[in-house]
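Asker: got a predicted structure here, sequence first:
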Amino acid sequence: FFPFFPPGKRLPPSVFLLPPPPEETSSSRPTLSLTCLVRGFFPDSVDVQWQKNQENVGNSGNSGAETGPA
C-alpha cells in the first residue's frame, strides 16, 4: 500500500528520543548512547541535527546515522 500525496503535500516527522540501554546507565562509563527515531514524514528526505542546550552539536563522536524504509 502506497499512499498518494498531492504535489506540495508535506507530513511533519514524529520524533522519538530513546534512552540509553540499562547496561550503560548502570555502569560508570563516561559516555552514553542516545537513539533518535524519526518517522512518518513526507517527502522522504530529512535533515536531523543533534543539539545540546539548544546549540547544534557537530558530528564528532557520532557513530553516524542509518536510514531505511519503516
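Answerer: It's in.
Asker: may I ask which helix or strand of the chain has the lowest mean pLDDT?
Answerer: Ranked by mean pLDDT, DSSP states H and E, the weakest helix or strand in the chain is strand 51-52, scoring a mean of 85.
Asker: who's the residue nearest the centre of the chain bridged to?
Answerer: Geometric centre of the chain, nearest residue: Cys36, 3.2 Å, by Cα atoms, centre = their mean. Beta-bridge partners for Cys36, by DSSP bridges, are Leu17.
Asker: my guess is it meets Pro13, correct?
Answerer: No: counting by Cβ atoms under 8 Å, Cys36 sits too far from Pro13 to count as a contact (10.4 Å). Where you see a C-beta, it was placed from the backbone N, CA and C, and this is true even at glycine.
Asker: circling back to that earlier point, list the contacts of the residue nearest to the centre of the chain.
Answerer: By Cβ atoms under 8 Å, 6 or more residues apart in numbering, Cys36 lies in contact with Val15, Phe16, Leu17, Leu18, Val48, Trp50.
Asker: hmm, back to that, same for the least confident helix or strand of the chain, what does it pack against?
Answerer: Using 3 or more Cβ pairs under 8 Å, 6 or more residues apart in numbering; DSSP states H and E as the contact test, no helix or strand touches strand 51-52.
Asker: where does the chain have low pLDDT?
Answerer: Residue ranges of the chain with pLDDT under 70: 1-3, 5, 58-70.
Asker: Leu34 versus Pro43, what's the distance?
Answerer: 26 Å (Cβ to Cβ, to the nearest Å).
Asker: more neighbours, these two?
Answerer: Higher neighbour count among Pro43 and Leu34: Leu34, with 12 against 9, using other Cβ atoms under 10 Å.
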